[in-house]
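*Asks:* sharing a model that was predicted from the sequence below.
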Amino acid sequence: MEEKLAFIMKVKEENLDFAGVCRRFGVSRRTGYKWWRRYQAEGLLGLDERSHRPRSCPHAGAGVWTERLIELRLRHPHWGPKKLRVKLVAAYGAAGVPAVSTLGARLRAAGLVAWRRRRRWPRPWQERGDLSRATAANEVWGVDFKGWFRTGDGQRCDPLTISDLYSRYVLCCRVAAEQSYAAVRPLFEAVFKAYGLPAVIRVDNGSPFASTGAGGLSRLSVWWVGLGIRTEFITPGHPEENGVHERMHRTLKAETTKPPAGSRAGQQARFDEWRQEFNTERPHEALGQEVPAKRYQRSGRRYRAAMEPEYPGGYKVRRVRSNGQIKWGGGKRYVSEAMVGRLVGLCWAEPGRWEVWFGKYLLGDLYENEPGGLRPSVSVHQARQLKPKVLPISPV
């Protein structure tokens with residue numbers, strides 16, 4: 001303080017320049033001017049030492065946000081920093097919430113997350129251009145069985161899953177008694193009554209969705225056709241063509257089956273709780289961090305009994321018998337057991353050959369000079385990739 005006072009007295013002497021006073025006292029001109037301005041503004045009190053403590057500290061709330069982050073992570077152990085930040089902003093407001101990278105670093109520091117290489121689908125194939133694009137709710141539903149596993153009591157568990165590919169909303173995750181038409185149809189009826197009908201259902205080539213019979217249709221997909229639902233079969237060995245649904249399966253497996261529940265009933269309870277969280281709480285990056293329930297709405301197409309297809313004039317209409325045969329040309333010709341009880345239409349194509357249709361789906365050909373059954377006009381795999389055709393007009 002004495003040195004500062006002496007400095008001020010020398011500055012006040014008019015015969016000494018300011019720079020010379022600073023050199024004499026061994027201080028920079030910046031420091032000298034600071035002392036002089038404070039003296040002029042506050043007098044001798046302005047020369048007191050002042051605290052160097054910053055007025056604000058950007059890390060003052062770091063501990064609070066870390067506690068909130070860890071608490072939220074423990075409630076949702078499979079959520080990453082992007083989803084956790086959305087929930088923190090919703091709960092506490094955007095002001096002060098750390099960035100995603102900061103939250104990720106704090107999770108790693110707490111030992112709650114590890115570095116993981118991002119998985120990418122290999123793409124050696126040419127993507128299917130004929131698959132429908134979901135641009136609104138209920139345009140395309142993904143359907144599949146998540147890989148079966150055994151519960152703690154040794155019982156086999158086959159979860160049937162149905163999701164809307166536009167909104168990511170999971171409409172069904174139910175344990176089926178088995179992978180059969182009889183076990184699965186009641187589950188679909190419950191979903192159709194609750195949510196209405198989609199325009200398209202996309203499935204793989206396994207049972208009970210597909211078959212190796214006419215057109216690749218099974219009893220289940222024949223029933224869907226009768227309801228006015230188009231069935232899309234993905235290419236065998238390419239689950240990425242139903243990638244949105246398969247990605248949901250990865251989350252389902254990680255959050256409900258490791259380890260599995262002790263019984264089927266216990267596992268179903270887990271599925272129900274998970275579906276509720278997945279649809280209404282879990283933010284989805286593909287949806288701009290919105291929840292599926294915000295994007296999904298019930299279909300306007302109500303569930304009614306399956307209708308028989310109508311065929312243009314000139315078609316020969318036959319009902320498929322219980323053994324999969326129809327009466328034709330004075331005998332019985334085999335079509336498909338999946339068509340039992342359904343009406344098929346036969347259209348004259350050329351002399352000796354008739355096309356067999358089920359609604360808008362071409363099943364194959366019947367030849368008058370052959371005693372056997374239906375001959376597929378194309379391979380089963382190709383038939384599954386074809387879009388429904390417009391029924392031709394018969395010349396007969």
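*Replies:* Right, received. Where do you want to start?

*Asks:* run a quick neighbour tally on residue 257.
*Replies:* With neighbours defined by other C-beta atoms under 10 Å, the count for residue 257 comes to 19. All C-beta spots, glycine's among them, are computed from the backbone N, C-alpha and C.

*Asks:* repeat for residue 249
*Replies:* Neighbours of residue 249 (other C-beta under 10 Å): 20.

*Asks:* excluding its backbone neighbours, what's nearest it?
*Replies:* In space, residue 249 comes closest to residue 146 once its chain neighbours are excluded; the distance is 5.0 Å by C-beta to C-beta, 6 or more residues apart in numbering.

*Asks:* residue contacts, the one you found?
*Replies:* 159, 161, 249, 252, 253 (C-beta atoms under 8 Å, 6 or more residues apart in numbering).

*Asks:* next one: it from residue 347, what distance?
*Replies:* Distance, residue 146 to residue 347, using C-beta to C-beta, to the nearest Å: 41 Å.

*Asks:* then residue 184?
*Replies:* For residue 184 relative to residue 347 (C-beta to C-beta), the value is 32 Å.

*Asks:* show me which of these two is the more surrounded one.
*Replies:* Between residue 184 and residue 347, counting by other C-beta under 10 Å, residue 184 is the more crowded of the two (23 against 20).

*Asks:* that one contacts residue 203, correct?
*Replies:* No: between residue 184 and residue 203 there is no contact under C-beta atoms under 8 Å: 11.2 Å.

*Asks:* can you give me the helices for the stretch 151-300 of the chain?
*Replies:* Along the stretch 151-300 of the chain, counting by DSSP state H, counting those that start in this stretch, helices occupy 181-195, 219-226, 243-256, 264-280, 292-295.

*Asks:* which stretch among those helices comes nearest residue 353?
*Replies:* Across the helices of the stretch 151-300 of the chain, the minimum distance to residue 353, taken as C-beta to C-beta, is reached by helix 219-226, at 23.7 Å.

*Asks:* what residues sit buried inside stretch 262-281?
*Replies:* 264, 267, 268, 270, 271, 274, 275, 278, 279 (16 or more other C-beta atoms under 10 Å).

*Asks:* next: stretch 103-115.
*Replies:* Here stretch 103-115 shows 103, 104, 106, 107, 113 as buried, counting by 16+ other C-beta under 10 Å.

*Asks:* got those as CSV, with secondary structure, distance to residue 220 and pLDDT columns?
*Replies:* Shown next, in CSV, are the buried residues of stretch 103-115 (DSSP: H, G, I helix; E, B strand; the rest coil; distance: C-beta to C-beta, whole Å; pLDDT from 0 to 100):
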residue, secondary structure, distance to residue 220, pLDDT
103, helix, 45, 90
104, helix, 44, 90
106, helix, 49, 89
107, helix, 44, 89
113, coil, 41, 79
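
*Asks:* adding distance to residue 26, write those residues out as TSV.
*Replies:* Shown next, in TSV, are the buried residues of stretch 103-115 (distance: C-beta to C-beta, whole Å):
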residue	distance to residue 26
103	49
104	50
106	47
107	52
113	55
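
*Asks:* okay, and for this structure, where does confidence drop off?
*Replies:* 14-16, 54-61, 115-127, 377-396 (pLDDT under 70).

*Asks:* domain parsing of it, as residue ranges.
*Replies:* Per the record, the chain has its domains at 2-47, 62-109, 140-295, 316-385, by automatic domain parsing.
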